[in-house]
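1. I'll drop the sequence and a predicted model, then ask my questions.
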Amino acid sequence: MKVVKEVFVCGGKLIKLSHKSISTKTSMNVNVYLPKQYYSQDLPRKERIPTVVFLSGLTCTPDNASEKAFWQFQADKYGFAMVFPDTSPRGDEVASDPEGSWDFGHGAGFYVNATQEPYAQHYMMYDYIHKELPQTLDSHFNKDGVAKLDFQDNVAITGHSMGGFGALSGYLRGYSEKRYKSCSAFAPIVNPSKVPWGQKAFKGYLGDERAQWQAYDPCSLIKNVRRTGDDKILIHIGDADPFLEEHLKPELLLEAVKSTSWQGHVQVKKVHGFDHSYYFISTFVPEHAEFHAKNLGLI
Ligand SMILES: N[C@@H](CCC(=O)N[C@@H](CSC=O)C(=O)NCC(=O)O)C(=O)O
């Protein structure tokens with residue numbers, strides 16, 4: 001991993017990194033915020049700082065959320081690190097949308113492992129986000145036998161829109177192995193198999209076979225994942241979101257959990273007047289931060 005830049009922000013630092021990915025066979029950018037506790041001498045030697053992973057939406061790079069979601073204040077408040085990955089592989093050698101649209105291809109990897117050519121060459125975002133990146137960050141930051149940061153065990157996941165889908169999907173697929181301690185989402189695409197953004201992405205990356213789609217779709221996954229303990233999923237969505245009716249459809253997730261172990265444990269908070277932007281996200285980041293801090297054992 002190469003450190004591209006370090007930026008002082010709040011009480012810690014945003015570290016901008018790039019690295020060669022085995023999964024995507026490209027160079028990938030990722031931003032990591034290390035909270036003030038990381039730099040403090042007071043951190044008990046045995047305690048590792050947990051991580052919250054934020055998966056961004058269509059068109060985003062790691063910088064959108066780093067600059068506009070204001071997670072850093074919350075990371076300092078509770079003592080977690082933030083990981084802001086990119087949304088797709090990029091580069092001249094990486095196929096993108098044939099029509100140059102922004103909802104597929106570069107900036108729109110949908111956090112799945114593509115099986116269809118030419119996308120299967122590089123779009124292995126599921127493996128990258130949930131397997132390779134945590135290991136790579138662990139090796140980079142926890143050198144010399146001193147493990148101050150926890151990228152693999154005490155980790156929460158959240159995301160926005162396409163990234164909200166990615167968070168729900170990754171959480172539910174990894175549920176039996178407790179890959180993530182906690183999951184939330186901002187205006188997520190909850191049922192990609194049923195909406196235009198998701199159908200375009202799934203057809204392009206996964207092909208026509210619907211069984212492949214169900215293996216990533218939160219509305220299918222949640223029916224087959226038995227909830228344990230006090231686990232809950234927190235979702236916020238604005239009622240003035242221009243994508244609400246066509247692409248997001250949160251009611252489909254509530255419908256899907258009926259008569260399952262998740263009924264009553266998926267909280268969808270529809271908030272009046274809010275749109276799809278980072279003004280909406282940043283407003284509700286404090287509530288999501290507190291939710292994850294509790295589940296990560298920080299409060
Ligand atoms: N460029 C598009 C708008 C695309 C858009 O709204 N992207 C959202 C995520 S949408 C779902 O995944 C986003 O987060 N954009 C980045 C930002 O900083 O706001 C258009 O021109 O309409």
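-> Received the coordinates, thanks.
2. Please enumerate the helices of this protein.
-> Along the chain, counting by DSSP state H, helices occupy 36-39, 62-68, 71-78, 125-127, 133-141, 162-173, 196-206, 210-214, 218-221, 251-257, 278-295.
3. Highest mean neighbour count out of those helices?
-> helix 162-173 (a mean of 28; mean count of other CB atoms under 10 Å). C-beta here means a position set from N, CA and C on the backbone, and glycine is covered the same way.
4. What helices and strands are in contact with that helix?
-> Using 3 or more CB pairs under 8 Å, 6 or more residues apart in numbering; DSSP states H and E, the elements in contact with helix 162-173 are strand 51-55, strand 155-159, strand 182-186, helix 196-206, helix 218-221, strand 233-238.
5. Mind doing that once more with 7 Å?
-> Helices and strands touching helix 162-173, by 3 or more CB pairs under 7 Å, 6 or more residues apart in numbering; DSSP states H and E, are strand 51-55, strand 155-159, strand 182-186, helix 218-221.
6. the bottom helix or strand of this protein by mean pLDDT?
-> helix 36-39 (a mean of 94; mean pLDDT, DSSP states H and E).
7. Quick check: bridge partners of the most centrally placed residue in the chain?
-> The centroid of the chain falls nearest to residue 55 when counting by CA atoms, centre = their mean (2.8 Å). Assessed by DSSP bridges, residue 55 has beta-bridge partners residue 159.
8. ok, now how distant is it from residue 184?
-> 11 Å (CB to CB, to the nearest Å).
9. per-residue confidence at residue 48?
-> With respect to pLDDT, residue 48 scores 93.
10. Near the ligand, which residues of the stretch 101-250 of the chain are found?
-> 102, 160-162 (CB under 6 Å from any ligand atom).
11. rewinding a little: could I get the contacting residues of the residue nearest to the centre of the chain?
-> Residue 55 makes contact with 85, 111, 129, 159, 163, 166-167, according to CB atoms under 7 Å, 6 or more residues apart in numbering.
12. now, among the residues you listed, which is nearest to the ligand?
-> Closest approach between the contacts of residue 55 and the ligand, by CB to the nearest ligand atom: residue 163, at 6.5 Å.
13. wait, the closest one sits on residue 57?
-> Yes. Using CB atoms under 7 Å, residue 163 is in contact with residue 57, at 5.1 Å.
14. and the residue in the stretch 101-250 of the chain positioned nearest to the ligand, what does it touch?
-> Nearest residue of the stretch 101-250 of the chain to the ligand: residue 161, at 2.8 Å (CB to the nearest ligand atom). Going by CB under 7 Å, 6+ apart, residue 161 touches 57-58, 187-189, 276.
15. Name the member of those with the most neighbours.
-> residue 188 (33 neighbours; other CB atoms under 10 Å).
16. That residue contacts residue 168, correct?
-> Yes. Counting by CB under 7 Å, residue 188 does reach residue 168; the two are 5.9 Å apart.
17. which residues are contacting the least confident helix or strand of the chain?
-> Under CB under 7 Å, 6+ apart, the answer for helix 36-39 is 11-12, 43, 49, 76, 79, 81, 148.
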